[in-house]
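In: Test case, fold it:
(chains A and B)
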Amino acid sequence: GAGVSQSPRYKVAKRGQDVALRCDPISGHVSLFWYQQALGQGPEFLTYFQNEAQLDKSGLPSDRFFAERPEGSVSTLKIQRTQQEDSAVYLCASSLDGPSYNEQFFGPGTRLTVL
Amino acid sequence: DQQVKQNSPSLSVQEGRISILNCDYTNSMFDYFLWYKKYPAEGPTFLISISSIKDKNEDGRFTVFLNKSAKHLSLHIVPSQPGDSAVYFCAASGSNFGNEKLTFGTGTRLTIIP
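Out: Below is the predicted model:
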């Protein structure tokens, strides 16, 4: 498909486990974003990549959260030693760069449940 | 501190009537505003946007109005259709460049009654 894909769609982890969430952006999209959406809330920014460079990680809630995009396409969000408060939907979005390209295309998200 | 606020968690509208969804923001540096629509188990999909240099943008049944002095925007859907039932998120950013993060409101669940 031509859209943003994410895997897995659902992940259940025991508290203390490490998880890795994958995002495949739209081909050719330079910008890639990760957002966290808690239940009943809007998406909240976590981090931003321009190609392979992580230019903004100001939204990452703790040093247990780590993201990478080594070849400027696929990105992985890793959460170490998961806690119950990490339970949320993690959304990936991609966009073109430059003016008038602010529309971000979102993937379906990964729903993480930490028990 | 919620920089983008949607004070109505839910709204029900009769099919064929107008739906009006409201959004307020506090950060005067926001320069670009977007509305996203979200169905269950799917990611948000872009609906319509407006730059701060405009006060209105129209796309088919959807119109967004911006009142910059009041830091308020609204989305009008007319006529409302059953397929419009979804959660609508207002979002804002510092520019219309593709490298700008979005700040979202908490969403309004719109239900269209047939």
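In: Show me what stretch B:46-59 is in contact with.
Out: By C-beta atoms under 8 Å, 6 or more residues apart in numbering or on different chains, the surrounding residues in contact with stretch B:46-59 are A:102-105, B:30-37, B:62-68, B:73, B:75, B:88, B:96. C-beta here means a position set from N, CA and C on the backbone, and glycine is covered the same way.
In: Contact partners for residue B:39?
Out: B:86, B:87.
In: Actually, residue B:70.
Out: residue B:24.
In: could you redo the last one with a cut-off of 10 Å?
Out: With contacts defined as C-beta atoms under 10 Å, 6 or more residues apart in numbering or on different chains, residue B:70 is in contact with B:24, B:25.
In: Now do it against residue B:24, distance only.
Out: 8 Å (C-beta to C-beta, to the nearest Å).
In: What parts of chain B come near chain A?
Out: B:2, B:4, B:6, B:9, B:31-34, B:36, B:38-39, B:41-49, B:51, B:87, B:89-91, B:93-107 (C-beta under 10 Å from any C-beta of the partner chain).
In: of the residues you listed, buried ones?
Out: Listed as buried from the residues of chain B next to chain A are B:4, B:6, B:31-34, B:36, B:38, B:43-44, B:46-49, B:87, B:89-91, B:93, B:96-107; burial here means 16 or more other C-beta atoms under 10 Å in any protein chain shown.
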